[in-house]
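J.: Here you go, sequence then predicted model.
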Amino acid sequence: MPTRLETLLELALRTSTANVDPYKDDLKVDLLPYDLITQLFRILTIETKQEKDYRVDPTDLHLSGLESFSFDYVVKWPVSLVVNRKALTRYQMLFRHLFYCKHVERQLCSVWVGNKVAKMYTMQKARWYSAAFALRQRMLNFVQNFEYYMMFEVIEPNWHLFQHNMDTVSNVDDVLVFHTDFLNSCLKDCMLTNPDLLKIVHKLMMVCVTFSNFVQRLNQSTTVEAEVSRLTKENSLQALGNKPTTKEDIKKKAAATKVVSEHVDQLVSSENFERTITNFDTNFSRLLLDLLDKILDMSSKNYDHKLSNIMYRLDFNGFYTERLEAVTAQRQSANAAGLDFPAAGGARMRPASFTGLHAEAARRIPANLRSSTSSNGSQ
């Protein structure tokens, strides 16, 4: 284990409210040789034919520190009767899932910071850069609402229920049952026990990370941030020296801004940038529609109202309703004809680019509000 990680963990514990916790030294940092998706599929597909697909040699995995990072805990007897290795593994999986989602959110927020800097420049061909802004916002909306769903609609209510049940226990067996039910409910409602949903969520996160890296590389290549910091530093030095800004300095700043803006225009207006943003948009829309379609189908079949709550979060304004209605209609037609219907993002449905060629689609009126809007307009 890297000494620096252990030092940072100790520093974080001793500079927080956990400093008074007598068990803080039992918390450890661990770098696992496999990522979360491999760990989960090894458990979910054990003793099946699919198990061979996830027997990956750790030396073949190229993991980053974020993907392999996890916590561990030294549990002493008699607490180890309840918080055993099986329970700790479940806690680890929940933490790694939330931790990676938080990492994706921070990456998208970093893209937002770069976008704020880029908006200082007047770009004549900002069509596809605006499409990238809109796509980043859709990705951030998905990641944040997915996090809020897991934290405030799954983990927190289940934790309160677990505390309430603990007030009624009379023996260790009851504690084991209630604790196991708590962990199983969290894993199930966070989609960590469903291979189909887990695959889609993992792919969505990968698309978001790849998109963030692409836009950040673009911002770095244009040297926007470096140019702004240099100009800011010059202005600060002038302010410290009480030297008034001359017309020549203003002209230099305007000329530098123009050069950077033209360079950004040249990159953004290229066909490669246009094609890349369209591909990101298409892949993200296809996967998100596939996720919403599967959630809707599962919640209706299994009467799982908890899982359907994420539908209201991700499609709160009916943005994807029309698309999902078309998928449902085609599935019913295929079932009536005895045909296999693919997923919402399958080959029979043309993937939609919501914020690419049709950026105005983000401002469309939801289907459930069209009738009232059209009647008001006719009056």
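T.: Sure thing, it's come through. Since the structure is predicted, the reported quantities are computational estimates derived from the model, not experimental observations.
J.: in this protein, which spans are helices?
T.: Secondary structure of the chain (DSSP state H): helices at 3-14, 36-44, 65-68, 85-118, 127-148, 156-166, 172-189, 195-221, 224-240, 247-268, 271-302, 305-314, 321-336, 370-378.
J.: what sits against residue 19?
T.: residue 13 (CB atoms under 8 Å, 6 or more residues apart in numbering). Using the backbone N, CA and C atoms, a C-beta is placed for each residue, glycine as well.
J.: what number of residues lie near residue 283?
T.: Around residue 283 there are 19 other residues, counting by other CB atoms under 10 Å.
J.: which residues of the chain score low on pLDDT?
T.: 1-2, 44-61, 114-128, 219-271, 302-304, 331, 334-379 (pLDDT under 70).
J.: swap the cut-off to 80 and go again
T.: Residues of the chain meeting the criterion pLDDT under 80: 1-2, 33-68, 112-130, 217-274, 297, 299-308, 315-379.
J.: ok so, going back, so for residue 22, which of the helices of the chain sits nearest?
T.: Relative to residue 22, the nearest member of the helices of the chain by CB to CB is helix 3-14, separated by 12.0 Å.
J.: Give the other helices and strands that the closest one contacts.
T.: strand 27-31 (3 or more CB pairs under 8 Å, 6 or more residues apart in numbering; DSSP states H and E).
J.: Quick check: the gap between residue 3 and residue 283.
T.: According to CB to CB, to the nearest Å, residue 3 stands 40 Å off from residue 283.
J.: Ok, which of the helices of the chain comes nearest residue 29?
T.: Of all these, helix 3-14 sits nearest to residue 29, with 4.8 Å by CB to CB.
J.: Could you figure out how far the closest one is turned away from strand 27-31?
T.: Orientation of helix 3-14 against strand 27-31 (axes from the mean of the first three to the mean of the last three CA atoms, to 10 degrees) gives an angle of 150 degrees.
J.: What residues of helix 3-14 count as buried?
T.: Burial within helix 3-14, assessed by neighbour count using 16 or more other CB atoms under 10 Å, is assigned to residue 9.
J.: Then stretch 181-197?
T.: Using 16+ other CB under 10 Å as the test for burial, stretch 181-197 gives 182, 183, 185, 186, 187, 188, 189, 190, 191, 192, 194, 197.
J.: residues in contact with that stretch?
T.: 40-41, 44-45, 87, 90-91, 93-94, 97, 150, 153-155, 158-159, 161-162, 165, 198, 201, 291, 294-295, 298, 306-307.
J.: Leaving aside the residues adjacent along the chain, what's closest to residue 283?
T.: residue 207 (5.4 Å; CB to CB, 6 or more residues apart in numbering).
J.: residues touching the one you found, list them.
T.: With contact taken as CB under 8 Å, 6+ apart, residue 207 is in contact with 139, 280, 283, 284, 287.
J.: re the thing from before, how about TSV for the helices of the chain, with distance to residue 22 added?
T.: Listed next are the helices of the chain as TSV, based on distance: least, CB to CB, whole Å:
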stretch	distance to residue 22
helix 3-14	12
helix 36-44	31
helix 65-68	29
helix 85-118	19
helix 127-148	31
helix 156-166	21
helix 172-189	21
helix 195-221	37
helix 224-240	46
helix 247-268	56
helix 271-302	43
helix 305-314	36
helix 321-336	52
helix 370-378	61
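J.: And the ones you listed: which comes nearest residue 78?
T.: Smallest distance to residue 78 across the helices of the chain (CB to CB): 8.5 Å, for helix 172-189.
J.: Between helix 85-118 and that closest one, find me the angle.
T.: Interaxial angle, helix 172-189 versus helix 85-118 (the same axes, to 10 degrees): 30 degrees.
J.: Helix 172-189 vs helix 156-166, what angle?
T.: Interaxial angle of helix 172-189 relative to helix 156-166 (the same axes, to 10 degrees): 170 degrees.
J.: Could you list the alpha-carbon positions for helix 172-189 in PDB?
T.: This file holds the C-alpha atoms of helix 172-189, laid out as PDB (Å, rounded to 0.1, in the frame of the first residue of the first chain):
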ATOM      1  CA  VAL A 172     -27.700 -11.700  17.600                       C
ATOM      2  CA  ASP A 173     -29.600 -13.600  15.000                       C
ATOM      3  CA  ASP A 174     -32.000 -10.700  14.600                       C
ATOM      4  CA  VAL A 175     -29.100  -8.300  14.200                       C
ATOM      5  CA  LEU A 176     -27.700 -10.500  11.500                       C
ATOM      6  CA  VAL A 177     -31.000 -10.600   9.600                       C
ATOM      7  CA  PHE A 178     -31.700  -6.900   9.800                       C
ATOM      8  CA  HIS A 179     -28.200  -6.000   8.800                       C
ATOM      9  CA  THR A 180     -28.200  -8.400   5.900                       C
ATOM     10  CA  ASP A 181     -31.600  -7.000   4.700                       C
ATOM     11  CA  PHE A 182     -30.200  -3.500   4.900                       C
ATOM     12  CA  LEU A 183     -27.200  -4.300   2.700                       C
ATOM     13  CA  ASN A 184     -29.200  -6.400   0.200                       C
ATOM     14  CA  SER A 185     -31.800  -3.700  -0.200                       C
ATOM     15  CA  CYS A 186     -29.200  -1.000  -0.800                       C
ATOM     16  CA  LEU A 187     -27.400  -3.200  -3.400                       C
ATOM     17  CA  LYS A 188     -30.600  -4.100  -5.200                       C
ATOM     18  CA  ASP A 189     -32.100  -0.600  -5.400                       C
END
